[in-house]
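1. 3D, please:
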Amino acid sequence: MLIEPDKLELPLLDIEFFLGDPFPVYARLRREAPVYFSEETGYYVVSRYEDVTNVLRNATDFISSRGMSRQNLEAGTVPDSLIMSDPPRHTKLRKMVSRGFTAKTVNALQDTIRNTCRDKIASLEVGREYDAVYEVAGDIPAHVISDMLGVDRKHAPSLIEIADKAITGDMEAVAKATIEATTHLVPLIQEASTGEQAGNVISMIMAPDEDGERLSIENAVQFVVLLLLGGIETTRGTMARALYELASDHPQRARMADQPEILPTAVEEMLRFVSPQAEAIRTTANPVTLHGVEIPAESVVLLLTASANFDDEVFGADATSFRIDRDPNPHIAFSLGHHFCLGAYLARLELRIFFEELLKRFRHWELPSEPSRHELFELHRMFTKVPIVFTG
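-> Numbering: from 1, shown residues only. Next up, the predicted model:
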């Protein structure tokens, strides 16, 4: 049975609700209304870990090609891209671009990542105020991605700007950013795919597949923009949010510094707790019944991934706590199924190395003022600015 909206309110159009503390409402949803119909949006909202993961794995009944975010739905148009496609088209595109994200390719970047982190951390001064998002974390993923793409690091500021504009939530700004990205990226893609830097990601993804088919320039641009969003925005956002959470938690900071072997486990908790992609959209291709609720075909299903990552039935009674030794930790920060994030291994590597190197130099930092939050629904768990002072 669908619960009556007046008995449990989920204000899906109120960003202030999400920027506050939505987790008590999420907990009620999981207990009382695991499938909640929102009359103000027409969305069917799914909040339990088990249900969200099942939907993410089910590409037959829940499709992505109608849009994967509220912004896609509002725009009314969906590009032919990796994240907004379904099998068999998705399978074809993913196979072509995944060539640039093999374990061998990513592992080859370890020295680059470590040196980039060391250079950035060495430039930080004790007692000086920084913005953890842009001045501490921001350059690192942008420089790593530049190296991956075979693009000169001098273009890193432009790549960051493209990523920033693409997540404004303003569809007019997003459309403008897409045009600017295409204008800026096409020459870089053409140069990197035909230049002397053999083995860069662009040269790999632009190579013909076994059928002789090549990725189009349009698909390549869309993929690079996706890589910028995932590789820059979510990685720096997770770094900055983790710095925020650890600022007031000396025992966990000290443990990470004294026991670096715990860092891989700590990184998983950072990803779960931040839940950089706090929600996702799917559309029903067929009528579906879930928890006795009949969801018609062509319905929008909103997956509360942040709620799933805080489900106490999976993560225990302390699911709302940030605990660096949480194990097991089957979070879905990188999604699941055929849309599992291609850059997951790279993001984990960057986060681990960043904190390894940071904690060698700094064991203490403070937050002189409150951070600024993202006002985009699916990114509301992350910050746009985090004032920070390293104290020693």
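2. What ranges does this protein have for its strands?
-> Using DSSP state E, the strands found in the chain span residues 35-37, 44-46, 62-63, 129-131, 280-284, 288-290, 293-295, 300-303, 365-366, 372-373, 383-385, 387-390.
3. And the ones you listed: which comes nearest K7?
-> Closest approach to K7 among the strands of the chain is made by strand 35-37 (10.4 Å; CB to CB). For the C-beta atoms, the positions are set from N, CA and C on the backbone; glycine is no exception.
4. Show me what that closest one packs onto, helices and strands only.
-> The contact analysis (3 or more CB pairs under 8 Å, 6 or more residues apart in numbering; DSSP states H and E) places strand 35-37 against strand 44-46, strand 293-295.
5. could those go into TSV alongside mean neighbour count?
-> Shown next, in TSV, are the helices and strands packed on strand 35-37 (neighbours: other CB atoms under 10 Å):
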stretch	mean neighbour count
strand 44-46	25
strand 293-295	16
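6. Adding distance to I83 and mean pLDDT, write those out as TSV.
-> As requested, the helices and strands packed on strand 35-37 are exported to TSV (distance: least, CB to CB, whole Å; pLDDT from 0 to 100):
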stretch	distance to I83	mean pLDDT
strand 44-46	19	98
strand 293-295	22	97
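7. Out of those strands, flag the one nearest E375.
-> Among those, strand 44-46 comes nearest to E375, with 20.0 Å by CB to CB.
8. helices and strands around that closest one, which ones?
-> strand 35-37, strand 300-303.
9. Need the ones you listed in JSON lines (columns: mean pLDDT and distance to R153).
-> Formatted as JSON lines, these follow (pLDDT from 0 to 100; distance: least, CB to CB, whole Å):
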{"stretch": "strand 35-37", "mean pLDDT": "97", "distance to R153": "47"}
{"stretch": "strand 300-303", "mean pLDDT": "98", "distance to R153": "36"}
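10. what about those, which gets the closest to G138?
-> When the helices and strands packed on strand 44-46 are compared by CB to CB, strand 300-303 sits nearest G138, at 28.4 Å.
11. Okay, now the sheet partners of the closest one, with direction.
-> Using DSSP bridges, strand 300-303 pairs in its sheet with strand 44-46 (parallel), strand 280-284 (antiparallel).
12. would JSON lines of those strands with distance to L124 be doable?
-> Formatted as JSON lines, those follow (distance: least, CB to CB, whole Å):
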{"stretch": "strand 44-46", "distance to L124": "42"}
{"stretch": "strand 280-284", "distance to L124": "35"}
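13. So which of those is nearest P187?
-> Per CB to CB, nearest to P187 of those: strand 280-284, 32.9 Å.
14. Next, report how far the closest one is displaced from the centre of its chain.
-> Chain-centre distance of strand 280-284: 17 Å, with CA atoms, centre = their mean, to the nearest Å.
15. Now tell me what touches that strand from outside.
-> Contact partners of strand 280-284, identified using CB atoms under 8 Å, 6 or more residues apart in numbering, comprise 55-56, 61-70, 72-73, 295-303, 305, 335, 378.
16. cutoff 10 Å now
-> Strand 280-284 is contacted from outside by 43-44, 46, 52, 55-56, 58-59, 61-73, 83-84, 86, 290, 295-305, 332, 335, 339, 378, using CB atoms under 10 Å, 6 or more residues apart in numbering.
17. Including distance to K165 and mean neighbour count, could the helices and strands packed on strand 44-46 go into TSV?
-> Listed next are the helices and strands packed on strand 44-46 as TSV, based on distance: least, CB to CB, whole Å; neighbours: other CB atoms under 10 Å:
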stretch	distance to K165	mean neighbour count
strand 35-37	33	21
strand 300-303	25	23
